[in-house]
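>>> sequence unavailable; structure follows:
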């Protein structure tokens with residue numbers, strides 16, 4: 001019995017040394033393609049590592065498909081991080097590994113599902129959830145992430161609309177228009193509530 005147990009452990013260890021198992025069916029990683037429509041100059045980083053500009057391709061561990069955080073930033077704009085927190089089970093890969101990569105311990109009738117052991121350890125049973133916003137499937141090994149980047153200007157790049165100085169030749173915008181512009185800056189998250197109230201008071205007090 002001890003001999004059989006040692007043989008089982010040896011076989012499992014031997015199987016784990018092969019990262020190509022499903023890992024055999026599909027691999028322990030998948031190819032992620034990121035696109036940022038309308039922003040070809042936006043830099044793309046994942047976990048602080050630069051991946052590309054406007055578009056990027058890189059490998060992701062299948063087991064981490066629900067822990068992917070992609071940060072996009074254009075020059076003079078605020079960075080925006082999109083987090084993907086869902087993954088789905090690759091049932092066909094599990095069945096394929098169970099059927100195709102299960103052996104029998106010598107001199108016994110005990111099955112040795114070494115492929116399943118490898119897949120459980122590598123997380124090869126998982127894939128991105130295509131029902132999550134921004135995720136779509138290209139094929140079983142390639143997935144597309146589409147990022148809706150807003151490109152909000154940094155606060156130090158924003159010119160807050162105020163009244164036109166006296167004596168200026170440029171016609172002054174109506175208060176209603178300036179207030180609408182100011183409210184839009186608040187809604188976009190460029191101004192804080194305190195900054196908004198301060199600038200609003202200036203406009204209302206102007207002639």
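Happy to help now that I have it. The model shown is predicted, which means the values in this text are computed figures rather than measured ones. Residues are numbered from 1 along each chain as shown.
>>> in space, what's closest to residue 59 - neighbours in sequence excluded?
residue 29 (4.5 Å; CB to CB, 6 or more residues apart in numbering). Quick note: C-beta positions are derived from backbone N, CA and C, even for glycine.
>>> mind listing what the one you found touches?
Taking CB atoms under 8 Å, 6 or more residues apart in numbering, we find residue 29 in contact with 59-62.
>>> least confident secondary structure element in this structure?
helix 2-16 (a mean of 45; mean pLDDT, DSSP states H and E).
>>> partner strands of the following helix or strand past it, with direction?
As assigned by DSSP states H and E, the chain's next helix or strand after helix 2-16 is strand 29-35. Its sheet considered, strand 29-35 pairs with strand 55-61 (antiparallel), strand 142-146 (parallel) by DSSP bridges.
>>> who wins for proximity to residue 82 among the ones you listed?
strand 142-146 (7.9 Å; CB to CB).
>>> show me which residues of that closest one are buried.
143-145 (16 or more other CB atoms under 10 Å).
>>> and the helix or strand that comes right after that strand, what other elements does it pack with?
Proceeding N to C from strand 142-146, the next assigned helix or strand is helix 175-187, under DSSP H and E. Contacts defined by 3 or more CB pairs under 8 Å, 6 or more residues apart in numbering; DSSP states H and E place helix 175-187 against helix 193-205.
>>> what bridges to the residue nearest to residue 59?
residue 61.
>>> distance of it relative to residue 136?
Using CB to CB, to the nearest Å, residue 29 is found at 18 Å from residue 136.
>>> my read is that residue 189 contacts residue 152, right?
Yes: here residue 189 reaches residue 152: they are 6.4 Å apart, a contact under CB atoms under 8 Å.
>>> show the backbone phi and psi for the nearest residue to residue 68 once chain neighbours are set aside.
In space, and not counting its chain neighbours, residue 68 is closest to residue 84: 4.4 Å by CB to CB, 6+ apart. Dihedral angles of residue 84 (phi, psi; degrees, to the nearest 10) stand at phi -110, psi 120.
>>> who are the neighbours in contact with residue 84?
Residue 84 touches 65-66, 68-70, 128, 132, 134-135, 145, counting by CB under 8 Å, 6+ apart.
>>> okay if I get these as TSV plus pLDDT?
Shown next, in TSV, are these (pLDDT from 0 to 100):
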residue	pLDDT
65	93
66	94
68	96
69	96
70	97
128	94
132	96
134	95
135	97
145	97
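>>> buried only: go through those residues for me.
65, 68, 70, 128, 132, 134-135, 145.
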